[in-house]
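Chemist: Attaching a predicted model along with its sequence, questions to come.
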Amino acid sequence: MSEINNKIIKDYLVGKATAKEMEQLAEWLAVSEENQKEFFEMDLAYHLGKNSQIASSKKIEEAETKLFNQIKEYEEKTINNSRIHLFRYAAAIVVAVLLIGGGLFAFLYQSAEITTITAMNEVKKVVLPDKSIVWLNKGTTISYAEDFDGNERKVNLKGEALFKVTKNAKKPFIVKSDAASAKVLGTTFNFKGQAADGKEVISLIEGRLEVTGLNGEGKVVLHPNQKATISKDSKAITTENSYAPIDAVWHDDMIPFSNMQIKEIAHILEQLYDYKIIVNSKLDNKRTYTGVIKRSKDIRTILDGLSYTISFHYTMNNKEITLTE
């Protein structure tokens, strides 16, 4: 037997092949090594994509539908042509659809395994194959190729993570979420995906970062202490200046201050604790402070600690705090 019926291809891929069809398939595979290689590639592409945690069930369903529609259409148009060519055509469809829909890369000719890590009820520190370090916030998942094969270092993100990327100018580091991707050579940044309001926020702590919206929002380049907010609803990316380290306080519970005046420190505490803080004009606003303080659930613990260094008194009235001499 030198040809294979196209229905057998479909039935085998979805696990519905009959004993007779399996026998026919075995005969076809025995004809040549070329048949075996082509079938192996197609089977690997289909099932690797199907089982990948990167590809969503919706994308896989779309891949199946497109594949089978294309096979049917191709059958009708080329009924007298070589079935071997159909194999190549169908395999190419599977690979293309899964590459676009699921985020898989170069799996046909590489043996890279996909590693998936999830932080459950605590912050999790992960060291990537290139020695880059990632801290995953609670409930966050990342997926990446075990050996970072290829010309890029790709990480898929669901949730929030802090990245400290090892520099490698020849191999860019790319983090991709549902709505955006961030491309770097070596930098530290916080990537908050899937926020409750449907927006994603990327804050750059050091280095340089290229942020691209994946739904037509455009592209921006961030510099230290800038953040980009990607909105799928409005199809836009907005940028703003912001003290980026506070967006990453969650990873170690340490609040850093670098050459900051008391008003700047008050502004940071307002963001972290949702209080309005008023700084009395008599306080020395020219002096700057550098250091870190451990975050506490109660802002009064933070104020008590800072008051020893900065020398101030404070009063609280509901959600308003006043700092005085």
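Modeler: It's in. Numbering: from 1, shown residues only.

Chemist: Going along the chain, name the helices of the chain.
Modeler: Along the chain, counting by DSSP state H, helices occupy 6-13, 19-31, 33-51, 57-77, 83-102, 262-273, 299-310.

Chemist: Which one of these has the poorest average confidence?
Modeler: Among these, helix 83-102 carries the lowest mean pLDDT, a mean of 46.

Chemist: what residues go with each domain of the protein?
Modeler: Here the domain assignment for the chain is 6-102, 114-245, 253-324, based on automatic domain parsing.

Chemist: can you put these in JSON lines and add mean neighbour count?
Modeler: Bear in mind the C-beta positions are built from the backbone N, C-alpha and C, glycine included. Output for these, formatted as JSON lines (neighbours: other Cβ atoms under 10 Å):
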{"stretch": "domain 6-102", "mean neighbour count": "16"}
{"stretch": "domain 114-245", "mean neighbour count": "18"}
{"stretch": "domain 253-324", "mean neighbour count": "14"}
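
Chemist: Once you drop chain neighbours, what's closest to Lys282?
Modeler: Excluding its sequence neighbours, the residue lying closest to Lys282 (Cβ to Cβ, 6 or more residues apart in numbering) is Glu325, at 5.3 Å.

Chemist: With Ala180 instead?
Modeler: Among residues not flanking Ala180 along the chain, Ile230 sits closest, at 4.5 Å (Cβ to Cβ, 6+ apart).

Chemist: check contacts around that neighbour.
Modeler: For Ile230, the contacting residues are Ala179, Ala180, Lys199, Glu200, Val201, Ile202, Val211, Gly213, Glu217, Ala236, Ile237, by Cβ atoms under 8 Å, 6 or more residues apart in numbering.

Chemist: 6 Å - rerun?
Modeler: Ala179, Ala180, Glu200, Gly213, Glu217, Ile237 (Cβ atoms under 6 Å, 6 or more residues apart in numbering).

Chemist: For the third one, give me the pLDDT.
Modeler: Looking at Glu200, its pLDDT stands at 91.

Chemist: in the sheet, who's paired with it?
Modeler: Under DSSP bridges, the beta-bridge partners of Glu200 are Ile230.

Chemist: Look up how far Arg208 lies from it.
Modeler: From Glu200 over to Arg208 the distance is 19 Å, taken as Cβ to Cβ, to the nearest Å.

Chemist: With Thr140 as the reference, measure out to the nearest residue to Leu303 once chain neighbours are set aside.
Modeler: For Leu303, ignoring the flanking residues on the chain, the nearest one in space by Cβ to Cβ, 6+ apart is Tyr314 at 5.2 Å. As judged by Cβ to Cβ, Tyr314 and Thr140 stand 35 Å apart.

Chemist: Lys297 too?
Modeler: 22 Å.

Chemist: Assess the claim that Ala179 and Asp233 are in contact.
Modeler: No: proximity of Ala179 to Asp233 does not meet the contact threshold set by Cβ atoms under 6 Å, at 10.1 Å.

Chemist: show me where the stretch 101-250 of the chain has strands.
Modeler: Secondary structure of the stretch 101-250 of the chain (DSSP state E, counting those that start in this stretch): strands at 114-118, 124-127, 133-136, 141-145, 153-158, 160-164, 173-176, 180-184, 188-192, 199-206, 209-213, 219-222, 226-231, 236-241.

Chemist: what angle sits between the longest one and strand 180-184?
Modeler: On the basis of axes from the mean of the first three to the mean of the last three Cα atoms, to 10 degrees, strand 199-206 is oriented at 10 degrees to strand 180-184.

Chemist: Does anything pack onto strand 199-206? Which helices or strands?
Modeler: If contacts are counted by 3 or more Cβ pairs under 6 Å, 6 or more residues apart in numbering; DSSP states H and E, strand 199-206 sits against strand 188-192, strand 226-231.

Chemist: Please produce JSON lines containing those strands, extended by distance to His267 and mean pLDDT.
Modeler: Below are these laid out as JSON lines (distance: least, Cβ to Cβ, whole Å; pLDDT from 0 to 100):
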{"stretch": "strand 188-192", "distance to His267": "18", "mean pLDDT": "95"}
{"stretch": "strand 226-231", "distance to His267": "15", "mean pLDDT": "92"}
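
Chemist: can you redo the ones you listed as CSV with distance to Asp252?
Modeler: Shown next, in CSV, are the helices and strands packed on strand 199-206 (distance: least, Cβ to Cβ, whole Å):
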stretch, distance to Asp252
strand 188-192, 12
strand 226-231, 19
